[in-house]
Structure formats: C-alpha cells, structure tokens
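> sharing a model prediction with you, sequence too.
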Amino acid sequence: MNNFKNKNIIVAITGGIAAYKSADLIRRLIEAGANVRVVMTQAATEFVTPLTFQALSGHPVFVGKQSDERYSESNPGDTASMKHIDLARWADAIIIAPASANTIAKLAHGRADNLLTTLCLASEAIKCFAPAMNRVMWDDPGTQENCTILRDRHWSQFGPDSGMQACGEVGEGRMLEVKDILYSLGRCFRSGELQGLNLIISAGPTYEAIDPVRFLGNRSSGRMGYAIAEAAREAGANVTLISGPSHLSAPESIDFIAIESAREMQQAVLSNLDNCHIYISAAAVSDYRIEDIATQKIKKTGDQLTLKLTRNEDIISLVANHKTRPYVVGFAAETENVIDNARDKLVRKNLDMIIANDVSTSSTEKPDIGFNSEYNALHVFYAKDGQICGEQSFDLARKSRLAKQLISLIARQFKNNRSENEKDTA
C-alpha cells in the first residue's frame, strides 16, 4: 500500500447498497498515507450519510445536483471549498465505488449533470470505477456497452464480483471487495519498467478463407501473446493488442483490435505503428492465403481438391523496415532446429530480438508446451546492428510467468538500445 503515500484520491460514491463498503475503502486509503476527499451523488446520501464519510476522511463531503453545489454536515453554508475544477486539478486519482449503472451511463455519454460527473469530465487524473448493481442490470447490453466505452477511454474497471446480492439473487454485479479494489488501484500508481511507452502486440492465429465455411488456420491459442499484453500493461505500457480468432477474453485496460486474416492483421499493425516504441509479434500469421476464395461452399466433386495459394506479405519485416521503426521482437515457433532457425530469422529479418519456442510434442523428455498449452520454455536472442549480441534461456513455466520475465528483458534491451543510439547521435 506504499503506492498511496501522499497521493490525492477522490472517492466518489453513487447510490447503492454497496455504498457502506466505501467507508472501509476510505479508512484503508488514509491508513496507507493517501489524502482523501469524498464526493457523493444525492442518491448515495440515501444509503449512508455524508457525516459518516466526513468523520472518516476528516474533510467536508461534496454532494450536489449541480456542479457548483456543496454539502458539508459540519457547515452546510461554507462556500469557500473547492469547486469541481479545483477538485479535478487536486486529484491524482478518482475511484467511483460503488459505480451505479446510471452514473456509468452518464459518464459514457458525456453527461455532466452533477458534481461527480462534472468532476470526472474535468479531470486528467487516473480514473477508475467499481460497478455495483443487480445481475440483470449488469448483463444488460447497454451497461456492457457503456463499460466498454469507458475502458476505451482509459478508465480502469475493477470488477464486478459474483455472489449473493442485496435483492436476494445470485450472480455477477456485486461490488468488488475493498481489498481487491485497493490492490487494483495501487497498480495504477506503479512506475513500471515500460511506463508511458506505446506497445503493439500481435497474438493468436490468422484464418484464411477457402469458402464461406472453411478456412486455412493454425493451432495458436493466443495465450502467450495475451499474457505478454497483460504483463506489459502491468509494467506501465500503453498496450494495443491485435488478435486473431481466440477463445480468450480481451484483457482489461488494453486497446483491443480483433482481426481474422493475415492481411487484416497487416493493416491493423501498420495503421497503429505511428508513435509505437516496441512491436512484439507473438501471432502465428499464415504465410499463404487462398488466391481465389470461393463465394459459395465448395462441394465434393471428386477425390482431390486443388487449392492455389499465394504468399502473404511478411508483417514483421514490414515493421522492421518501416520509416518509424520501433524496437522489433519476433517469435520463432519451430518443430526442429529451433535454435538455428531462430538465429537465422533474427538476422535475416533485421529484428532486435527473437523468442524461440519448440512447438513439437514428439519428445518424451518434456511435457506438452507451446500451442494450446498454459506452459512454455523459451530461448531468447537479441541483436545490435544486425549482429547477435546476447541470449537468455527461460525454463519451463506458466506463460503468465514467462510473460513477465520477457517484458523485463525487453524493457532492459530497449533502454540499452535507446541509450546507445542517443550516444551515437550526440
């Protein structure tokens, strides 16, 4: 909880039975060294009085139907307090807990009809919300769309949780427990190894249509790429994840682009390359596509079917030779001569780093690793000026753990390269 020391945090409370949990959140933030101010909607005061939060925070509580209204139990007539702009500038972070469906909808559509919503629109602070509502309200497509809009605008969403609800029903929609909110909020203040850097990560397979029913594909699950995206986010990066078809859910607080074919992935990567610092190609991109895609399902007309394939452009080579070239990291998924093939790819494609993994399952000396597995073992080579200058092995581990180790290595090598380049141009 040292992440909160001397941080200015606004705890915003909306109407809902979960408002009582906010008292514990405020208490624990103050214990962790944060400076806390409380903002309530009028509806929130129907569940917990402002006096409760004033006693806990040691400061007047702000409540209002209009952006300039202010309410303090100790001195309701005091008008010398901070207005919404002052509050917005004061805050390092705003956490709405609980966040009602109504307030989420207002923020998603830019409404500023009370102090809380006006404050959020006027602030450049870290913004987070912890939804709390009935399970049916939570499942409503409108609520889901509104949450997506906020996440796309770089709000961090904490929860909700599942369990027994105040209405007696069981399901998703409960406000996340305070300890979990504190953990998630604390992560927002961490200064990670990739803080402020822009990363593009490609993941998953690509599908090349044969006809409206069939396609050419591969066995990639996207697990490694998704894990790297989450690790990069944890390290403070602004992450864009471009993914082929996968059963995995898009990670929170990450810009997510879903594609299907290699050409769609190429377009998505190149169109987002401006201001990109690091590109990590963890996708299994099809080398070939069907030259003429059938407009109708191909029927069985004989014992053989001939498909004419044409070569897809090599996306990672395009990135490595781009005018705004980022630091380029590739993967080499091999079934034989893993090390030699990876070294060759690193130099031949002018990459900065290559991550080699054995996706064969023929060896009895190792468990199932690689595609569709939660585990992997990796060997990494990195280069400088087209020459291999170092390597590192990562033993068998869960992909989530390997992803964190990879991100640390990538961050170090990226910074080393940047420092050397700055010396060369000095």
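On my side now, so go ahead.

> which SSE is immediately downstream of the host helix or strand of residue 106?
Following DSSP states H and E, one finds residue 106 within helix 101-108. The helix or strand immediately downstream of helix 101-108 is helix 115-122, counting by DSSP H and E.

> how distant is that next one from the center of its chain?
From the chain centre to the centre of helix 115-122 is a distance of 24 Å (Cα atoms, centre = their mean, to the nearest Å).

> isn't residue 310 right up against residue 287?
No: between residue 310 and residue 287 there is no contact, the gap being 10.3 Å when judged by Cβ atoms under 8 Å. C-betas here are computed from N, CA, C, even on glycine.

> between those two, who's got more neighbours?
The neighbour count for residue 310 versus residue 287, taken as other Cβ atoms under 10 Å, is higher for residue 287 (14 against 10).

> residues in contact with that one?
311, 312 (Cβ atoms under 8 Å, 6 or more residues apart in numbering).

> if I look at it, how far off is residue 420?
34 Å (Cβ to Cβ, to the nearest Å).

> could you do residue 90 as well?
41 Å.

> show me where the stretch 201-350 of the chain has strands.
Per DSSP state E, counting those that start in this stretch, the stretch 201-350 of the chain carries strands over the ranges 208-209, 215-216, 238-243, 255-258, 278-281, 288-290, 309-311, 327-334.

> what's the closest of the ones you listed to residue 183?
strand 238-243 (19.7 Å; Cβ to Cβ).

> packing partners for the closest one?
Here strand 238-243 touches strand 198-203, helix 223-234, strand 255-258, helix 262-271, going by 3 or more Cβ pairs under 8 Å, 6 or more residues apart in numbering; DSSP states H and E.

> a markdown table for those, including mean pLDDT and distance to residue 155?
Output for the helices and strands packed on strand 238-243, formatted as a markdown table (pLDDT from 0 to 100; distance: least, Cβ to Cβ, whole Å):
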| stretch | mean pLDDT | distance to residue 155 |
| --- | --- | --- |
| strand 198-203 | 97 | 19 |
| helix 223-234 | 93 | 14 |
| strand 255-258 | 94 | 13 |
| helix 262-271 | 97 | 23 |
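
> distance to residue 135 and mean neighbour count for those - can I get that in JSON lines?
Compiled in JSON lines, those are given as follows (distance: least, Cβ to Cβ, whole Å; neighbours: other Cβ atoms under 10 Å):
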{"stretch": "strand 198-203", "distance to residue 135": "31", "mean neighbour count": "26"}
{"stretch": "helix 223-234", "distance to residue 135": "26", "mean neighbour count": "26"}
{"stretch": "strand 255-258", "distance to residue 135": "25", "mean neighbour count": "17"}
{"stretch": "helix 262-271", "distance to residue 135": "35", "mean neighbour count": "19"}
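
> now render those as a markdown table, adding distance to residue 348.
Listed next are these as a markdown table, based on distance: least, Cβ to Cβ, whole Å:
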| stretch | distance to residue 348 |
| --- | --- |
| strand 198-203 | 19 |
| helix 223-234 | 22 |
| strand 255-258 | 28 |
| helix 262-271 | 19 |
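
> so which of those gets nearest residue 186?
helix 223-234 (11.6 Å).

> with just CA atoms, put that closest one into CSV.
These are the backbone C-alpha positions of helix 223-234, laid out as CSV (Å, rounded to 0.1, in the frame of the first residue of the first chain):
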residue,chain,number,x,y,z
ARG,A,223,-2.2,-17.5,-24.7
MET,A,224,1.4,-16.3,-24.9
GLY,A,225,0.6,-13.0,-26.7
TYR,A,226,-2.3,-12.2,-24.3
ALA,A,227,-0.1,-12.9,-21.3
ILE,A,228,2.6,-10.6,-22.7
ALA,A,229,0.0,-7.9,-23.3
GLU,A,230,-1.1,-8.1,-19.6
ALA,A,231,2.5,-8.1,-18.4
ALA,A,232,3.2,-5.0,-20.5
ARG,A,233,0.2,-3.3,-19.1
GLU,A,234,1.3,-4.1,-15.6
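
> that one to strand 327-334, inter-axis angle?
With axes from the mean of the first three to the mean of the last three Cα atoms, to 10 degrees defining the directions, helix 223-234 sits at 160 degrees from strand 327-334.

> who does the longest strand that the chain contains touch, helix- and strand-wise?
The longest strand of the chain (DSSP state E) is strand 387-398. If you count contacts as 3+ Cβ pairs under 8 Å, 6+ apart, strand 387-398 packs onto helix 338-348, strand 375-384, helix 399-425.

> do you know how far the closest residue to residue 349 other than its chain neighbours is from residue 253?
Once flanking residues are discounted, residue 349 sits nearest to residue 317: 5.2 Å by Cβ to Cβ, 6 or more residues apart in numbering. Between residue 317 and residue 253 the distance is 31 Å, computed by Cβ to Cβ.

> now residue 37: which helix or strand?
Counting by DSSP H and E, residue 37 is found in strand 35-40.

> that strand pairs with which strands?
Partners of strand 35-40 in the sheet, by DSSP bridges, are strand 8-13 (parallel), strand 61-63 (parallel).

> residue 90 and residue 420: who's more crowded?
More crowded of residue 90 and residue 420, by other Cβ under 10 Å: residue 90, with 15 against 12.

> and the more buried one, what pLDDT?
On the pLDDT scale, residue 90 is placed at 90.

> quick check on it: phi, psi?
Backbone torsions of residue 90, given as degrees, to the nearest 10, read phi -70, psi -30.

> then residue 31?
According to degrees, to the nearest 10, residue 31 has phi -60, psi -30.

> quick test: name the residue nearest the centre of the protein.
With distances taken as Cα atoms, centre = their mean, residue 254 lies nearest the centre of the chain, 2.7 Å away.

> any idea how far the spatially closest residue to that residue that is not a sequence neighbour is from residue 403?
Closest residue to residue 254 apart from its sequence neighbours, by Cβ to Cβ, 6+ apart: residue 239 at 4.7 Å. According to Cβ to Cβ, residue 239 and residue 403 sit 12 Å apart.
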